[in-house]
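1. give me a model of this one.
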Amino acid sequence: MNIKKNDTVLVIAGKDKGKTAKVLKAFPAENKVLVEGVNLLKKRMRPNKANQKGQTVEKPMPISVSNVMLTEGGKRVRVGYKMIGEKKIRVSLKSGKEI
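-> Model prediction:
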């Protein structure tokens, strides 16, 4: 999986297509990422105190990695890898720069 936490991604499929946001968490075992403000689930919360009202809370849910694409400088890019010494570094295939 070539998308990691704190990357900026563009949603390329689904109900939030076209949105750009930051990755909050990555789930490599499930091939999913949690993206800020994308794929929101509305959950109704019951009042837990006598004087409190019930409310609706929006919670982001994970989205498939295949539905997002990494962006660099506002443009979407594909990711490649380059070996520098013993380190494996992510590289933009468009510009050749490190990500």
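2. run a quick neighbour tally on the residue nearest to Arg90 when sequence neighbours are not counted.
-> In space, Arg90 comes closest to Ile99 once its chain neighbours are excluded; the distance is 4.4 Å by C-beta to C-beta, 6 or more residues apart in numbering. (Glycine included, C-beta is placed from N, CA and C.) A count of neighbours around Ile99, defined by other C-beta atoms under 10 Å, yields 15.
3. same check on Met61?
-> So Met61, with other C-beta under 10 Å, has 11 neighbours.
4. may I have the strands that pair with the helix or strand of the chain at the bottom of the mean pLDDT ranking, each with its orientation?
-> Least confident element among the helices and strands of the chain, by mean pLDDT, DSSP states H and E: strand 75-76 (a mean of 91). Strand 75-76 pairs in its sheet with strand 68-72 (antiparallel), by DSSP bridges.
5. which positions in the strand it pairs with come out as buried?
-> Neighbour-count burial for strand 68-72, counted by 16 or more other C-beta atoms under 10 Å, picks out Val68, Met69, Leu70.
6. out of these, which one sits closest to Thr56?
-> Ranked by distance to Thr56 (C-beta to C-beta), those are led by Val68 at 26.0 Å.
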